[in-house]
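Q: give me a model of this one.
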Amino acid sequence: MTKQTHLPVPTTPATTTQAFPPDFHRKYKNRLPVFVKGHAELRAACTTVEGLRCLFSATGGLPNEGSGGARVNVMKALDGENFLDDERYTEPVSISVEDFIGHVKDTNGSERGRMYYRSTLPESLKALLAASDILDTICPTTSDATEKQAFVHRSFSLARLWVSTTGCVTPLHYDKCHGLLVQLYGRKRFIVFPRDDAGSLYLHNGITGPTHASRVRAVDKIFENAARLHRGDIAQEETIPLQQQIDNFLDSYPKVAKTTPYVIELDPGDILYTPPGYLHEVASLSGSVSVTIPWDMCPDELDDRPAWMAF
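A: Residues are numbered from 1 along each chain as shown. The predicted structure is shown next:
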């Protein structure tokens, strides 16, 4: 068998501006990712330090006036970089709100420790999202107002607010539900792999790690370096070390060379839809505030899911 020495060049998924495509349910849902660029109603939602402080207050992160030392509980990566909701990857840490906001605003976040904060949605964000057309688009195609209201209520109950410092990485994994990520502050980069690529991405077996996660690490970095080599926009003295890095990666994970990934960079006001079973790694390119909105697969979709998603 010929040794692979190159990684595929990632592509960009279907991209629209300001709103989801009208044929979302027919063409994209459970089939393909969709990138919505620049949703105007969301862009200014959380752009200042005061906005960040209000989020912590609304989610219960700030104590009653006069108690002193306002603090939040955050996740800290055991390896200094990778975050999954699993004690093998993170540990809880208490930190003052002001210090954490300072970390989020600090572009040199790696020097101060990488941290993630997670909570349910404050009412202010629920109102913002309800006023937009996002949930109207993804709501199951039905004219029943009660059914739509129930869908929105359940989506908000499962939605989460995520605040991360620069350099945080959620390692390669898949979700068993549909998912939207709404970017409110800062920048994130996703690398997303189609469901058919799962067999080439070295999923854990439940003993070495959670079955929805891959053993492959630093996918974003390795594909970014491969893209730089492909474009030729690097200094000559960097070429050999980067190619050696890619060769070493492919020696460990040769099947990754057969994958067909997408890469998406999100700015404030951007939205990404990821279908169930699509493995993805997420990197915070700066301090970041995002909202995730999941919803369940329908019975027909559950019947058609591949066997590896059933465990």
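Q: residue 289 contacts residue 42, doesn't it?
A: No. Counting by C-beta atoms under 8 Å, residue 289 does not reach residue 42; the two are 11.0 Å apart. Yep, even glycine has a C-beta here, placed from its N, CA and C like the rest.
Q: intersection of neighbour lists for these two?
A: Common neighbours of residue 289 and residue 42 are listed as residue 184 (criterion: C-beta atoms under 8 Å, 6 or more residues apart in numbering).
Q: strands of the stretch 1-150 of the chain, start to end?
A: 14-17, 34-37, 71-77, 90-96, 115-119 (DSSP state E, counting those that start in this stretch).
Q: other SSEs contacting the third one?
A: So the one you mean is strand 71-77. Applying 3 or more C-beta pairs under 8 Å, 6 or more residues apart in numbering; DSSP states H and E, one finds that strand 71-77 contacts strand 90-96, helix 97-105, strand 115-119.
Q: lowest-pLDDT helix or strand in the protein?
A: Within the chain, no helix or strand scores below helix 109-112, which has a mean of 59 by mean pLDDT, DSSP states H and E.
Q: residue 129 contacts residue 182, doesn't it?
A: Yes. If you go by C-beta under 8 Å, residue 129 and residue 182 touch, sitting 7.2 Å apart.
Q: can you list the helices and strands packed on strand 71-77 in TSV and add mean pLDDT?
A: Shown next, in TSV, are the helices and strands packed on strand 71-77 (pLDDT from 0 to 100):
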stretch	mean pLDDT
strand 90-96	89
helix 97-105	87
strand 115-119	90
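Q: quick one: those as TSV, columns for distance to residue 202 too.
A: Shown next, in TSV, are the helices and strands packed on strand 71-77 (distance: least, C-beta to C-beta, whole Å):
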stretch	distance to residue 202
strand 90-96	21
helix 97-105	32
strand 115-119	24
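Q: which one of the ones you listed lies nearest to residue 208?
A: strand 90-96 (17.3 Å; C-beta to C-beta).
Q: show me what counts as buried in the closest one.
A: 90, 95 (16 or more other C-beta atoms under 10 Å).
Q: show me what that strand is packed up against.
A: strand 71-77, strand 115-119.
Q: at 6 Å instead, please
A: strand 71-77 (3 or more C-beta pairs under 6 Å, 6 or more residues apart in numbering; DSSP states H and E).
Q: give me the contacts around the strand it packs on.
A: 56, 61, 83, 90-97, 100, 114-117 (C-beta atoms under 6 Å, 6 or more residues apart in numbering).
Q: now, among those residues, which is nearest to residue 243?
A: For the contacts of strand 71-77, the nearest to residue 243 is residue 114 (28.4 Å; C-beta to C-beta).
Q: what's the neighbour count on residue 206?
A: 10 (other C-beta atoms under 10 Å).
Q: try residue 244
A: 10.
Q: repeat for residue 243
A: If you count neighbours by other C-beta under 10 Å, residue 243 ends up with 15.
Q: what helix or strand is it on?
A: helix 236-252 (DSSP states H and E).
Q: using PDB, list the CA coordinates for that helix.
A: Extracted in PDB, the C-alpha atoms of helix 236-252 (Å, rounded to 0.1, in the frame of the first residue of the first chain):
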ATOM      1  CA  GLN A 236      11.200  28.000   2.800                       C
ATOM      2  CA  GLU A 237      12.800  27.000   6.100                       C
ATOM      3  CA  GLU A 238       9.400  26.000   7.500                       C
ATOM      4  CA  THR A 239       8.500  23.600   4.700                       C
ATOM      5  CA  ILE A 240      10.500  20.600   5.800                       C
ATOM      6  CA  PRO A 241       9.500  20.800   9.500                       C
ATOM      7  CA  LEU A 242       5.800  21.200   8.600                       C
ATOM      8  CA  GLN A 243       5.900  18.300   6.100                       C
ATOM      9  CA  GLN A 244       7.600  16.200   8.700                       C
ATOM     10  CA  GLN A 245       4.800  17.000  11.100                       C
ATOM     11  CA  ILE A 246       2.200  15.900   8.600                       C
ATOM     12  CA  ASP A 247       4.200  12.700   7.800                       C
ATOM     13  CA  ASN A 248       4.300  11.900  11.500                       C
ATOM     14  CA  PHE A 249       0.600  12.500  11.900                       C
ATOM     15  CA  LEU A 250      -0.200  10.300   8.900                       C
ATOM     16  CA  ASP A 251       2.100   7.500  10.300                       C
ATOM     17  CA  SER A 252      -0.200   7.500  13.300                       C
END
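Q: for that helix, buried residues please.
A: 245, 246, 249, 250.
Q: ditto for stretch 122-141
A: Buried residues in stretch 122-141 (16+ other C-beta under 10 Å): 122, 124, 125, 126, 128, 129, 132, 134, 135, 137, 138, 139.
Q: burial count for residue 82?
A: 19.
Q: and the closest residue to it other than its chain neighbours, what is it in contact with?
A: Sequence neighbours aside, residue 171 is the residue nearest to residue 82 in space, at 4.7 Å (criterion: C-beta to C-beta, 6 or more residues apart in numbering). Contact partners of residue 171, counting by C-beta under 6 Å, 6+ apart, are 82, 217, 281.
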